[in-house]
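Trainee: Return atomic coordinates for the entry below.
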Amino acid sequence: MRPKPGTTQLLLLYTLVLLVQPGCGTSHSNDDFISVREPLVALKHVRVIDGTGGRAKEDQTIIIDHSRITAVGNTESIPVPPNAHAIDFSGHTVIPGLVGMHEHLFYAVDRGDRYVTAEQSFARLYLASGVTSIRTAGTISLGKDLEAKRLIDEGKEPGPKIHITSPYIHAQGTTANPQAVAREIDAWADQGVTSFKIYTDVGRLELAAAVDAAHKRGLKVTGHLCAVGFSEAASLGIDNLEHGLAVDTEFYSRKRPDVCPEQNANIAELVNIDVGSEPIQKMIQDLVSHHVAITSTLPVFESFTGRPGSLDPRTLDVLAPEAYDSYRSVGADYGHAYHGKAPRAMMWNAMLKKEMEFELDFARAGGVLMAGVDPTGWGGVVAGFGDQRGVELLVEAGFTPEEAIRIASANGAEFLGESERVGTLTVGKQADLVVIRGDLSTKIADIRNVVVVFKDGVGYDSQKLIASVRGTVGRTETNWKIVIAWIVILGSVSFLVMRRLRRRRQFSNI
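Mentor: Have a look, this model is predicted:
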């Protein structure tokens, strides 16, 4: 007969079970956030901004049948199937699901000195805000990003469709090492990465090696560059440049080849440059002729300015207490307490306006402009809310609301090779769309009034998603399973040691 397990053995067995149990640390399931789940749905009497850049259309009806858009047109002329779940959305605007092209699943805390992962909270905030597809544009934890994508794809967690970008690619020491960069590219591609992020210190040789290795795999390279200027990068074959003029260093008077100058010194010169000047316009033409896309990240720049409205009050509600304190204190440093009058804030205010001019000129010249939030900096912007603010700022820059929606949806979808499936409200495409209370064609700020977000024809309740992450963004995540497991293990070991010592004392007293 097998002996019966003792208390200590049972505790150790419990610990092993605890460690291998699956779970994502939430009491909610994906289904808890679904408000529309019928396979056949009719959205009636809506205003449609279809993502093509064309003017908004009034009193439209959209039919969704098993995750696909099967009809879009005037309500009077679109027959609604008798078995459809019909919803009257008079007074609402429907846009395509946004395609965020500079997104992260981590957040900046402690004045931007530290980053914490935020896969679950950010995935929910993206979806709640109408962002149904994202490209991560760099990661601090590839494994966690891949796991978040798996849980969403399997329907276990709510969130957008995720296109995974590599960890940040840095220069390989003091000597350029193109071979090492190429090996990194291949290794990450084998894990499911579909794009690669070059960072500021990478020089021309390593950038060229990364582009060559990625293109051999049929994949794309983007970059937040500094050591290499935009025109040089275009000639080397880069596919995408992040942030725009604000990070281009080719016009800096003391620029040295393959060396990244100090950011503030570069910005101080850029704010005095004329976007309409021949050098800037030539750079724009270089990018357009080489088919290099630019990702607009206006919200993260705005967070440095102290402008009215640059701090979204909704952000405070979703931040963890420790992140909230940092958010309020750092805001003063960037001029928010002084209405943008602090010197650093004034410099960034001028740069923001210059960046807006540049992005408008780039798009008008035929360049592909996309949009994203980049929730980094000092933590001034968060997932989803920042994407909405980005659309508002594009309108401030001079784009029409319809053009801004196209930049934030269709352009990103085309770059990702997803334009046959998402990006516009077109018959035959996946039903990724956003129902918003208000009229975006006349008041772009209404983009914040998201009611329902459809992803593949399933409608998610925006407010429930936001409520589920209240007070969690920026919290240092603790794996309580591991903590409890270690407590049990250490307690069990201590118990065994004490019992053995007692037995030895009893034996010595005989």
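Trainee: which residues does the residue most central in space within the chain contact?
Mentor: Compute the mean C-alpha point of the chain, and by Cα atoms, centre = their mean the closest residue is residue 103, 2.0 Å away. Under the criterion of Cβ atoms under 8 Å, 6 or more residues apart in numbering, the contact list for residue 103 reads 122, 126, 131, 134-137, 372-375, 383, 387. (Each C-beta comes from the backbone N, C-alpha and C, glycine too.)
Trainee: Could you pull out the buried residues of the helix or strand encompassing residue 396?
Mentor: Counting by DSSP states H and E, the element that carries residue 396 is helix 385-397. For helix 385-397, a neighbour-count test (16 or more other Cβ atoms under 10 Å) marks 385, 386, 387, 388, 389, 390, 391, 392, 393, 394, 395, 397 as buried.
Trainee: What of stretch 444-452?
Mentor: For stretch 444-452, a neighbour-count test (16+ other Cβ under 10 Å) marks 444, 446, 447, 448, 449, 450, 451, 452 as buried.
Trainee: again, but for stretch 33-51
Mentor: Buried residues in stretch 33-51, counting neighbours by 16+ other Cβ under 10 Å, are found at 33, 36, 40-44, 46-51.
Trainee: got the end-to-end distance for that stretch?
Mentor: Between the opening and closing residues of stretch 33-51 we find a distance of 26 Å, counting by Cα to Cα, to the nearest Å.
Trainee: again with stretch 296-314
Mentor: With Cα to Cα as the measure, the first residue of stretch 296-314 is 22 Å from its last.
Trainee: Show me what counts as buried in it.
Mentor: In terms of neighbour count (16+ other Cβ under 10 Å), stretch 296-314 has its buried residues at 296-307, 310-312.
Trainee: avg pLDDT for it?
Mentor: If you average the pLDDT over stretch 296-314, you get 90.
Trainee: which pair in the buried residues of stretch 296-314 spans the largest distance?
Mentor: When the buried residues of stretch 296-314 are compared pair by pair using Cβ to Cβ, the farthest-apart members prove to be 296 and 306, with a separation of 20.6 Å.
Trainee: Give me the spatial nearest neighbour of residue 356, chain neighbours excluded.
Mentor: Distance criterion Cβ to Cβ, 6 or more residues apart in numbering; nearest residue to residue 356, sequence neighbours excluded, is residue 397 at 3.6 Å.
Trainee: what ranges do the strands span in the stretch 201-350 of the chain?
Mentor: Listed in chain order, the strands of the stretch 201-350 of the chain (DSSP state E, counting those that start in this stretch) span 220-223, 240-242, 293-296.
Trainee: Which strands or helices does the first one pack on?
Mentor: Strand 220-223 is packed against strand 195-198, helix 204-216, strand 240-242, with contacts defined by 3 or more Cβ pairs under 8 Å, 6 or more residues apart in numbering; DSSP states H and E.
Trainee: Pairing partners for that strand, with directions?
Mentor: strand 195-198 (parallel), strand 240-242 (parallel) (DSSP bridges).
Trainee: Could you grab the helix/strand/coil label for residue 453?
Mentor: Recorded secondary structure, residue 453: strand (DSSP: H, G, I helix; E, B strand; the rest coil).
Trainee: any idea how far residue 411 is from it?
Mentor: In this structure, residue 453 lies at 20 Å from residue 411, with Cβ to Cβ, to the nearest Å as the measure.
Trainee: Ok, residue 382 next?
Mentor: If you measure residue 382 against residue 411 using Cβ to Cβ, the figure is 23 Å.
Trainee: Start and end of stretch 74-84, how far apart?
Mentor: Length of stretch 74-84, first residue to last, Cα to Cα: 17 Å.
Trainee: Each with direction, which strands does the host helix or strand of residue 42 pair with?
Mentor: For residue 42, the host element (DSSP H and E) is strand 40-48. With DSSP bridges as the test, strand 40-48 is paired with strand 57-65 (antiparallel), strand 85-88 (parallel), strand 92-96 (parallel).
Trainee: sorry, back to before: list the contacts of the helix holding residue 396.
Mentor: 98, 100, 103, 125-126, 129-131, 296-300, 302, 312, 314-315, 356-357, 359-360, 371-375, 381, 401, 403-405, 407-408, 444-445, 447-448.
Trainee: can you do 7 Å?
Mentor: 98, 100, 125, 129, 131, 296, 298-299, 302, 312, 314-315, 356, 359-360, 371, 373, 375, 401, 404-405, 407-408, 444-445, 447-448 (Cβ atoms under 7 Å, 6 or more residues apart in numbering).
Trainee: Inside helices: which ones of the residues you listed?
Mentor: Counting by DSSP state H, the part of these found in helices is 125, 298-299, 302, 314-315, 356, 359-360, 401, 404-405, 407-408.
Trainee: Show me which of those residues is closest to residue 163.
Mentor: Using Cβ to Cβ, residue 408 is the member of those that lies nearest residue 163, at 15.4 Å.
Trainee: Which residue is the nearest non-sequential neighbour of that closest one?
Mentor: Using Cβ to Cβ, 6+ apart and skipping residues adjacent in sequence, the residue nearest residue 408 is residue 371, 4.3 Å away.
Trainee: What is the neighbour count of the one you found?
Mentor: A count of nearby residues for residue 371, using other Cβ atoms under 10 Å, gives 29.
Trainee: in the sheet, who's paired with it?
Mentor: The residues listed as beta-bridge partners of residue 371 by DSSP bridges are residue 296.
Trainee: ok, so of the contacts of residue 103, who is nearest residue 151?
Mentor: Closest approach to residue 151 among these (Cβ to Cβ): residue 122, at 13.2 Å.
Trainee: Thanks a lot, catch you later.
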